[in-house]
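Participant: Compute the structure for the input listed below.
(chains A and B)
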Amino acid sequence: QVNLQQSGAALVKPGASVKMSCKTSGYPFTGYWVSWVKQSLGESLEWIGEIYPNSGTPNFNEKFKGKATLTVDKSTSTAYMELSRLTSEDSAIYYCSRRNSRGPGFAFWGQGTLVTVSS
Amino acid sequence: DTLLTQSPTLAVSPGERVSISCRASEGVSSYMHWYQQKPGQRPKFLIYEVSNLASGVSARFSGSGSGTDFTLTIDPVGADDTATYFCQQSWNDPRTFGGGTKLELK
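Facilitator: Model prediction:
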C-alpha cells in the first residue's frame, strides 16, 4: 500500500535552515507529483509546492519561492524539502502528500514533520 | 489567490444530516475537493472533483456544488465524524484550502 514516511521533529534556531524528508513506498515514485503542505498550529493548510520526481521539475506557490527548495532522490524514492532563513512564522507541521491516482486532490499524506523555530 | 470561506464551527446531533459549505472568491470549475482532519492526525482525503468519493470513504459522505458554492454532506452523522473539514481548490494557482469547519456533536 502507498506510504509516505516523514522525518522526525526538528528544533532549529532563527536564521538557520532545515531539511526534511518524505520516503515513499508502495507505488512508482517517478510517476506522481509530490506536494508539500504547511499547517501552522491551529491553522488551516497552505500548499507550498510540488515536484515531479521523474524530471525533478518543481512548481511553487509564489509565497514560498525563495523559502522552500524541493528535491528528490529517485534511488531511494524520497522527496526532500529544505526551508531556509527560518523565522518563528515557519514554525508549523509540514506534510508531504501524493496526488490522487484517479484525478486531482491529495490522496495520500505523510504523518507530518513538526518544525519549531526557537532560540 | 482564491479565497475559500467556510463556517468555523457546526454542531449537530448524532443521526442527523449535516451540510458543510465552502464558498470560493472566484470560479473553480469542478476542481473542489474535501478532507477530514482529526486532532493530531494527518488530513484524510474524502472527495475529489466536487462529488467523487475517494477510495475507502464511507458513502455517508457526499459532495455537491458548482462554480463558487460547494457543499460536503454527511448523512447520517456519527460520533466518529467529529473532526475539522477542509475544502481545497486546484483550478486556480496556487492551490488553496479553506479555513476549515470544526464539526462538533451535541
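Participant: hey, where'd the strands end up in chain B?
Facilitator: With strands called from DSSP state E, chain B shows them at B:4-5, B:9-12, B:18-24, B:32-37, B:44-48, B:52-53, B:61-66, B:69-74, B:83-89, B:96-97, B:101-105.
Participant: So which of these has the densest surroundings on average?
Facilitator: Burial of the strands of chain B is given as mean neighbour count (mean count of other Cβ atoms under 10 Å in any protein chain shown); strand B:32-37 ranks first at a mean of 26. C-beta coordinates here come from the backbone N, C-alpha and C atoms, glycine included.
Participant: Adjacent strands (with direction) for that strand?
Facilitator: Strand B:32-37 pairs in its sheet with strand B:44-48 (antiparallel), strand B:83-89 (antiparallel), by DSSP bridges.
Participant: burial measure for B:Asp81, as a count.
Facilitator: Neighbour count of B:Asp81, defined by other Cβ atoms under 10 Å in any protein chain shown: 19.
Participant: Grab the nearest non-local neighbour of it.
Facilitator: What sits nearest to B:Asp81 in space, not counting adjacent residues and going by Cβ to Cβ, 6 or more residues apart in numbering or on different chains, is B:Ile74, at 5.6 Å.
Participant: Please dump the strands paired with strand B:32-37 into TSV; it should also carry mean pLDDT for every row.
Facilitator: As requested, those are exported to TSV (pLDDT from 0 to 100):
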stretch	mean pLDDT
strand B:44-48	98
strand B:83-89	98
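Participant: now the ones you listed as a markdown table including distance to A:Pro104?
Facilitator: A markdown table is the format used below for the strands paired with strand B:32-37 (distance: least, Cβ to Cβ, whole Å):
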| stretch | distance to A:Pro104 |
| --- | --- |
| strand B:44-48 | 6 |
| strand B:83-89 | 9 |
